[in-house]
Every structure is written in C-alpha cells, then in structure tokens.
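Novice: please find the sequence and the predicted model below.
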4 protein chains.
Amino acid sequence: MKYNKIFKKVNSELANFENLGNVASYIPELCNVNPSKFGVHLTTIANKHFNFGDADEKFSIQSIAKVLSLTLAYKIEGENLWQRVGVEPSGTPFNSLIQLEHDLGIPRNPLINAGALVICDILITHLTNPKEELITFIRKVSGIPTIDYCSRIADSEKSVGYKNAALINLMKSFGNINNDIDVVLDFYFNLCSIEMTCKELSQTFLFLANYGVCPFSKEIILSRSKSKRINAIMQLCGFYDEAGDFSFKVGLPGKSGVGGGIVAIHPNKYCIAVWSPKLNEKGNSNKGIKFLELFTSETEVSIF
Amino acid sequence: MKYNKIFKKVNSELANFENLGNVASYIPELCNVNPSKFGVHLTTIANKHFNFGDADEKFSIQSIAKVLSLTLAYKIEGENLWQRVGVEPSGTPFNSLIQLEHDLGIPRNPLINAGALVICDILITHLTNPKEELITFIRKVSGIPTIDYCSRIADSEKSVGYKNAALINLMKSFGNINNDIDVVLDFYFNLCSIEMTCKELSQTFLFLANYGVCPFSKEIILSRSKSKRINAIMQLCGFYDEAGDFSFKVGLPGKSGVGGGIVAIHPNKYCIAVWSPKLNEKGNSNKGIKFLELFTSETEVSIF
Amino acid sequence: MKYNKIFKKVNSELANFENLGNVASYIPELCNVNPSKFGVHLTTIANKHFNFGDADEKFSIQSIAKVLSLTLAYKIEGENLWQRVGVEPSGTPFNSLIQLEHDLGIPRNPLINAGALVICDILITHLTNPKEELITFIRKVSGIPTIDYCSRIADSEKSVGYKNAALINLMKSFGNINNDIDVVLDFYFNLCSIEMTCKELSQTFLFLANYGVCPFSKEIILSRSKSKRINAIMQLCGFYDEAGDFSFKVGLPGKSGVGGGIVAIHPNKYCIAVWSPKLNEKGNSNKGIKFLELFTSETEVSIF
Amino acid sequence: MKYNKIFKKVNSELANFENLGNVASYIPELCNVNPSKFGVHLTTIANKHFNFGDADEKFSIQSIAKVLSLTLAYKIEGENLWQRVGVEPSGTPFNSLIQLEHDLGIPRNPLINAGALVICDILITHLTNPKEELITFIRKVSGIPTIDYCSRIADSEKSVGYKNAALINLMKSFGNINNDIDVVLDFYFNLCSIEMTCKELSQTFLFLANYGVCPFSKEIILSRSKSKRINAIMQLCGFYDEAGDFSFKVGLPGKSGVGGGIVAIHPNKYCIAVWSPKLNEKGNSNKGIKFLELFTSETEVSIF
C-alpha cells in the first residue's frame, strides 16, 4: 500500500535524524516516559489503517484534548462561543499572560491554555456531570469505550499548575470565568490527562477529515461548516508560536501536546497521529514534526 | 455556469449588507477612491472567467503586491530567505514595532510591512535594476504587459511614510538591512503602488492555485513545494491580526491590501479577486471579506 | 503658626478646585465612603501638630500599609530582601502582570501589589503569628495601641481579589512565593484593610522623617541608612505610574492608597497625611495630590 | 577639608573594587577611551573645589547634556513643554520603542533618547541658530567659554544612529516632531558630543544645587520651582532603568552618560561629577556609581 511505502521511505530518511529535544519536564509525571518511543498511525476515511512503531502504546495526549472539548462546546453553544474566545493565532508562547491582559481577559483562541480554560468553564455551565459527559462524548466520537482520564497525570499537573491558576484568576478578574476557579481547573487538568494510543488518536479525530461525520458510525458529530472551522483554527493556532512553521512545512491542520503527540488532518483523506516524546524549544514534538514534514513532501499532497 | 449563479445568489444576500467601514485615509491619494466600488473576478486554472461589478477597473493593490515580491525573492534566494524573516503570524497590528524589537530585528513574516521591507532589501541586493526587473517579472507572471507602478501613489505614501522609516531604521540597527534605507523605502513604496483590476489580479495570482505553474504560458514560476509554502504563509499571515478570522470564515489562503482588494486562492481550482474600498477596523476590505465568506459557504468548498 | 497659615491659604486656593475623580469602586466596601471627606494632619519631628478638616476620622489606608510591612521585613531580612524584589519604578499600571512575567516573577518594587505580596510571604516565613506581630509592630511604631485591621474590608477585598490571585500564582510558578497562596493572600488583604485617621497616619510614618528613630519613644525602628532607602523607594515607586508626576509637583517621598489617603515625608522636618476619597485615573487621591502640590509650593521647601 | 578626607577614605575602600564593566562600544569613537581613567570633582555652592584623579581631562558627556537642552527648552516653553513629553520613569531600557508606541509618540520623560529628541525639536522651532545658541547658553551657565561640541563624536554617532532614527520617525508618525528629521538628528548628535572635564561638569550643573541661580555670576538660569523640578526629573529618570537603584544607593538626583560620566546634585550644598568609562549592563558608569554610593554613605547626607 502507498502509505506503508512512504512510511518506510521517510523512516529511512529519518535514520540519521539527531533528535535533540527534551521530554516535557514541568509536569513530574511526564518525565517518566521513555524518550525514544516513536509511533505513527494513519486512518483513512475509508477506514484503512497504516502504522508502525509504538502505535499501540498509550501516552498522555495533553493539549490535543483541547480540540475535543472545543468540539463539544461548539456543538452546544454554536457561534455564541466566539464572544468569549477569539480565533486568532497568539503570536507568543503558549502560557503568556501579556496578551490576555491586553485583550481584557478574552483569550486569542481556544487552543492556548487560557482559551481551553474558558471552554472548560462553558462546558461546566452546560453539563450536569462535566467530566463524565465529556469522556462519554469522546468515547462516542472515537468508538472506543476504554478511553479515559489519568488521575495520576491530572494530580501531577494540579500540583504545579500555578501558571494556569494565574491565567484563570486573571480572566475571572475580567469577568470571563463564570464558575468556581477550582472546579474549572480540576476539569481542565483532567481534560489534559486523557491517554490514547496513536491508533486511538487517529480514529478519534477522523470526523474532522470527514466534514464532521464519524466515518464508522456515520453519526454527525459536528455540522460540515463547524467541522471545517475547527480545522481552520487548528491550522492557525494548533502549534502555539510554531503554527506558521508547521503550516509552512507540513501544510495540514493539526494539534500538538507536550506529551509528544501530534494529530494532523487531511480533509477528505485521512487523519494521522504521531508520537515522539522529545520536544523542541517551542514545546512541540521534535521528531513528530520532522516526520510529518517528510511525509507530506513524499505524498506531495497538502491542503495547499 | 456554477460560479455565475453563486455570484448572483451571494449578491442578493449582500443586498442589505450595511458596509460600515472607511476608505483608507492615511495615504492622501487613497482617499480619492469611490467608496461604493465593488468588483469580483474569478479565474479557474482551466482559464475560465467569471466576474461582475467593477471587475475591470484599476485600483491600488497595495500590500497584495508583497506576495509577488516575496515570490521573486524566494525564487532567487531559496530557503536561505528564512534566516532574515520568519513564517509566523504576527498576532499584533500590521505596523507594530513591539514585536520587531522583541525579535531583534527579524520580522515575523514577509507579509507584514517590516518583512516586506526585508524582502525589498534582498531583491535590491540581487537585482541590477530592481524596479524594472520586478515589474517585468510581474508582467510575465500575469501575462499582462501593461501592469505598472503608480508614481502618484508611491510619492503619496513616501510623504507620510514615517512608520515604515521607523521600522527599517530599527531593522538596520539590528543589522537586518544591507542596502541604503532610502533606496529600500523607495522600492517598497513603488511596490505598494502597483495598480491592477480584479481580472488582472486573479490572473496574476493564478500560478499559486496551479502549484507554481502559470496556466497560460505553462511556465514554472515557482517549484510546487515553494508555491504551496507561499499559500501556507498567506493562510497564516495574509490578513494581519485578522488572519484567524479570515481563515475561520473563508477557509482559503489570501492576501488583502488597504486599497480594498483581496485575492484568495483555492489550490487546484481557481483564484478569486474582490475589490471594495471600505476597510474594517483591522484594515481589511469589509464587504470583500463578507463576500468571500458567503461565497465559500455557498460553494461548500474550502481547503478544510 | 506657619503651617496653619499655609493650610488656610492653600484651602482658599482650593475653593474652586473641581474634584472630578471617583471613589474606588473595585472593592465593594470602599464605595460606601463619603466622597467629600477631606482631612490633613502634619506632625513635625518636634511633635508639633497641625491639621484641619476630617483629620480625626478613620479611613482605609490600603496600599499605604505596604510601607509598614516593608519596614518590618527590611528590619528582619536586611539587604537580602532585594534578591526577591527590586527597587525600580514600574512604569506601568499598578496591577500589571506584563512586567512580572518579563522579569521572571521578581516584582519591580515592594510597593506595587506583586512586591507587597512577596513581602507578606517573607514575613509569614519569619513570624509565628504574622497578623498579630505585624499589628503589634505598627502599634509600637505609631505609639497608638488601637490601630487595627478591618475584617469587613479585608473580606470585601478577598471576595474580588482575582487579580492579586493571578499575580501570586504567577510568582509561585516562578518560585518566588514560598508559603501557601491562600495564607499569603489572607495576610495581604488584612494588611490593606488597616484603618487610621490622618493624625494616626502622620504619627505612624514620622520615624521616616527622623532617620529611622521614633521621635516620641526615641526607639530605633530602622537604621539611618535603611530609613533613607525606604524614602528613596517611596520617591520612585510610591504612586504607581504617577510617581514622576508626584515627585515633579510635590517633591517629597510619599505613598498613596486607593482609600484616598496619601502620606508624605519631609526628611528632618515633618510627616504629612492627607485624605480625600476621590481618585484620579491613575488611582491616586485627586484633591490630595493637588493639596500637597500647593502646600509645598507655598512652603517653598522640598527635598530638591 | 572634609570632602578631601572622605575622597581619600572612599578611594581606599575602592582599592579592591573589581571594575568589571565595558567601555561603550556602540559608537566607534567612544571605544578609544582609556578604560582605567577615573576622575572626581566636587564644587560647593560657596565655590569651594575638591577633586582627585583625572578630573581635568575632557570626556564625552553624552546623555548628561540632555539636562542642559531640557533646561533651555523649559526656560523658553515653560509648563507647555509637558504636553509633548512626560515626567515618568521609563521602566524599560533607554532606547525602547515599545513604550513610545504604546504612549502614541509621547516619550515618558525628557532624559531618555526619545524625549531628548523632542526637546531638540522644540529648541529648533524656537532658535534661529540652534547649535550656536545652545552652546552659548551652556558656556554662560558654566562660565567656561571653551566648552564645545566634538564633531568627530557627533559624526561617529550619526553613522550608527539607526535606533534614534527609528525613534524619531515613529514620533513623527504620531505627529510629535515638527521639524525635518535630519535636522533634529544632527542637532541631537551634536548635543551628545559635548566634551567637558569633571571640573567643568560640576561647575556647569551647580545652578541646580543652588535653586536655579548660577553661584558665580548670580544670574538666574531657571526659576526656583523649575530648577527643583529638573532635579525631581533627574531623580526619577536620570539612570534609565537603574534610576531606582541609584536613588536607593546614592540618594541624590543625577544623570549619567555612556561616556562614563555621572553628575549628581545635593541641593543647597554641592554638585559632584565623576568619570570612569567602564559601564555596567544598564549602561551607567560602574565605578562611578560605586564611588557615589560610598561617598554619600560616608557623608551620611542625602536628600532623604
């Protein structure tokens, strides 16, 4: 098959790639991962699967989960959502308070920490049991009933989550958080603790390659228009202040997490998930980005 | 034809659109334009043409021209170009000095003023007669030998160009400008003064919808990879700090100018140019963006 | 007496002063104060007293108290203090997070909110019963055993203290807060809740006009050198981003609070306290500053 | 005499001071100075003189001259001056464009580069032969007819003056520069090129220690009130973002220059000038500040 061949070729090109990054160190629990892990899984909208490496090993998807909470909140709130969070790239490191203060508590987009906290706040307002209902939603989207939070990771994040506490307090001072701060933070840290394998990740996000429809169950997760808009947001905001570089080199909408995972969408074609824990200085998977760059160069197909 | 029908439908939807923006006022000469002008021209890669309104009237394409100077510089310099200018969205208004100072004189991307000044500096280093050679290149790309600078506009911009002079002096203090400041500014103001009709604009940029190849002459303007990368840059940086919103609503790579023009690319399909002089508070054509939003909603096709 | 005469003259000059400011509104309890209150009390180092107006009415001294917590912390820690907080003016509004993030969690000076929070953290580390020991210290410095916190004000501040919570969480993320955040915030809100009359205020701060020695008890509160240094800090940092204007117009070191109080020191001469609740747009007492400007113009004596 | 004795004592304390700074390198001509030079001169308002070291050697006073151009402009314009420049400390490095852009082209104070450029612009508007009239004024203030510009230094600064060109263009874009940019820059670079010895410097600034009156000629240079206000501005803004530290350690209003000179004023007592070319990382004379710190500690007298 085509993709298997390309995987092989890219891997041989990567043989001499010096992976200089470091595993995320700010969350104690994330340090324990084996830095040499490397997995890739591609699922086509026709439900064909291609993979290699550690594609069936669970890892912490971290910020990638922010796309899923956004999906649920967007489904519930519709376009009103954008009164409380923007759709512009941040242009600064992912946890910066500067822009948030300048913009009077309105985060630039829903994929930076501040924006994801607002999305959590919105979900808490709408849902009776936010944690349960979110994970139920994700299980439905993915078709995988075993996907779950990792309380060990969530607790670890909470123990050092002062910067997120600063962000949410600042937004609360501007009136952009409606629920109790501790409740929102707890939901947020759980969201970031979700674990998946590369395979699970590529299945979960496949609806975004299929105009909002889950290709397995045929269920409409999001309208065609909303689904495209989430891809647009990922394209511009999915990689913090490296979004331009990812778009330039890879040419697909995607989202990264500090656990070393990346998911990328080729609309109407496939969803690909990669995992390599060492991060570059911008906080994105070093080898993961390189793999995707070589992969889309080889396929000669990107959205551009 | 399909596009004509959609144009008609979108126009009827726009009948009650209250166009609240203002014509660009900072350049004296730009004020004189009739604010109610409105033209659209779409050219497919199969050389089919669709248009309506003032599609054959010349206007000042302003910053849209920055994509053309970038194309020529990228062709000449290759990937070395990115040592002197980034590919990240700016996240702040288009003429901000703040980020430039923070980034030690390296502009965030080649489509903001600072970045376009660096591109001009690079072209001056490489070309014997920069102004002549650039316009010759643009005439070749478009296949239209009458495209030209407007010295009246260039002079008008020069007379109030203090912010651009601040930008280039700041970059020179960081060592990122090699040529004489006045020479670079003169070239830059001429670049921004180029005039085209909507039809000419959509023809000129068609190579970016055709993977770098001019569909008329079959000449390779840029390699496939470089052509896609310019689209990626437009997608993330083409609308100053409204790039996210344009991407979200329209879903195509594009570039705007303060003359009220916008060009947008649908890879492998078409290039569309719209012109409506009233600008929104972000400096982009108010009605032009609305038109494109409705247009891509109707076609139900975007890159996402 | 000279000062009485000057008070009379300045008051007649102020007869037509249009006091346009607003009473502090961000803390619910502070809104209830009568905006037309106006009191002045001057105490010389020879223990002469001059006053008029509402000089014997209690008000919330708010940020003025930060000088007293600083005095105690400086006495305890000595010059080591300056490893955790700077002595430079902030140049930006008093609650800005921007500079704090830029300076990696080290506040610019001990009189802005962030700096005062660090001082509270330091006192908590050193003292067994911080609240009791601080108020005991202030009573000793002032010679007034009835000075106390106002729990109603402290609770009111706490209920809306999200910006301070953002500041302290940000500093904790940089490692510049050692104690539990809630404990430090509680101490801080109590500090700001202290109430005094103008008379009590001018007595309390008189040691700073007397090179560190309490003129009543002859007790050495601080060394001569440390006392001068606190005056220097007040001169440069006592009025947020209006420090230059106060220094320019009044020419004395001083400190303001959002309760409308101001205390100013003329070294080797006197301490003067004024109170007028309406604040200007920089958050300092509008009429209080005007009064002091006219007062030092009339006396023709300032530190310059 | 008292001061001689203190000089001797401080010098012995400085014997082991490791002077780690570097001579200013951004202006080619300034590099040529001997880094081990060290001179001090103190002149009392009773015209007593105390000095040691290289007190009679000329050096480039650089930014110290900004106080003299301010004096002349303040004399001419009066309080209207403050509509075009503020009196607040900058809180950021001396050549920052950030604050200037934020404040819409109004410099924070007249002693940073941007503010001094505005002062130059004001003088050009008022004077027929600005360069001649300014140097004539300075000669009159100092009583020294040989004080002059150094065209070699001025030309050297001009050849690398891109950051100042950025500042002035930015201010012009905001409408805060009325004259031709090149004329203002030429005047500014000449101002900064003035050369004096420590002795000349302490004589020139003595009027600021004497409430605006030249102690030699008895001529009123500035009113008492204006003279104090210039001292207040020096206190808060004389040392860029080290103003707080200088005030904290030395306790006197003063002004530094990148030539390694510092002048400090003790109102009603003396003016002291020191010179040592090596600068600390904030751009102020390293040994000069240390000397003044020890000097005021020994005298036990400061304005606080």
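Specialist: Received it, and whenever you're ready, just let me know what you need.

Novice: number of residues surrounding residue A:210?
Specialist: Applying other Cβ atoms under 10 Å in any protein chain shown, we find 23 residues neighbouring residue A:210. Where C-beta positions appear, they are placed from N, C-alpha and C, glycine not excepted.

Novice: wait, residue A:74 touches residue A:230, no?
Specialist: Yes. Contact criterion Cβ atoms under 8 Å: residue A:74 and residue A:230 qualify, at 6.9 Å.

Novice: mutual contacts of the two, please.
Specialist: Counting by Cβ atoms under 8 Å, 6 or more residues apart in numbering or on different chains, the residues touching both residue A:74 and residue A:230 are residue A:222.

Novice: number of nearby residues for residue A:239?
Specialist: Using other Cβ under 10 Å, residue A:239 has 28 neighbouring residues.

Novice: from residue D:4, how far off is it?
Specialist: Look at residue A:239 and residue D:4: by Cβ to Cβ, to the nearest Å, they are 67 Å apart.

Novice: near chain B at all, stretch A:233-247?
Specialist: Yes. Judged by Cβ under 8 Å from any Cβ of the partner chain, stretch A:233-247 comes into contact with chain B at A:233, A:235-237, A:241-245, A:247.

Novice: what's the answer for stretch A:60-70, then?
Specialist: No. Judged by Cβ under 8 Å from any Cβ, stretch A:60-70 and chain B are separated, with a smallest distance of 12.6 Å.

Novice: rewinding a little: just name the lowest-scoring one in the residues of stretch A:233-247 next to chain B, pLDDT-wise.
Specialist: Lowest in pLDDT among the residues of stretch A:233-247 next to chain B is residue A:241, which has 84.

Novice: that one in helix, strand or coil?
Specialist: Under DSSP: H, G, I helix; E, B strand; the rest coil, residue A:241 falls in the helix class.

Novice: and for the closest residue to chain D within the stretch 151-300 of chain A, the neighbour number?
Specialist: At 18.3 Å from chain D, residue A:241 is the closest residue in the stretch 151-300 of chain A, using Cβ to the nearest Cβ. Neighbour count for residue A:241, taken as other Cβ under 10 Å: 22.

Novice: repeat for residue A:223
Specialist: Counted with other Cβ under 10 Å, residues neighbouring residue A:223 total 15.

Novice: for it, give its distance to residue A:211.
Specialist: 9 Å.

Novice: what touches both of those two?
Specialist: Counting by Cβ under 8 Å, 6+ apart, no residue touches both residue A:223 and residue A:211.

Novice: now the end-to-end length of stretch A:38-56.
Specialist: 10 Å (Cα to Cα, to the nearest Å).

Novice: just to revisit the earlier point, ok, which pair from the residues of stretch A:233-247 next to chain B is furthest apart?
Specialist: Greatest spatial distance among the residues of stretch A:233-247 next to chain B (Cβ to Cβ): A:233 and A:245, at 17.2 Å.

Novice: who has more neighbours, the two?
Specialist: The neighbour comparison of residue A:233 against residue A:245 (other Cβ under 10 Å) goes to residue A:233, with 27 against 21.

Novice: how about the residues of the stretch 151-300 of chain A near chain B?
Specialist: Residues of the stretch 151-300 of chain A lying close to chain B by Cβ under 8 Å from any Cβ are A:224-225, A:227-229, A:231-233, A:235-237, A:241-245, A:247-248, A:251, A:253, A:267, A:297, A:300.

Novice: noted, bye for now.
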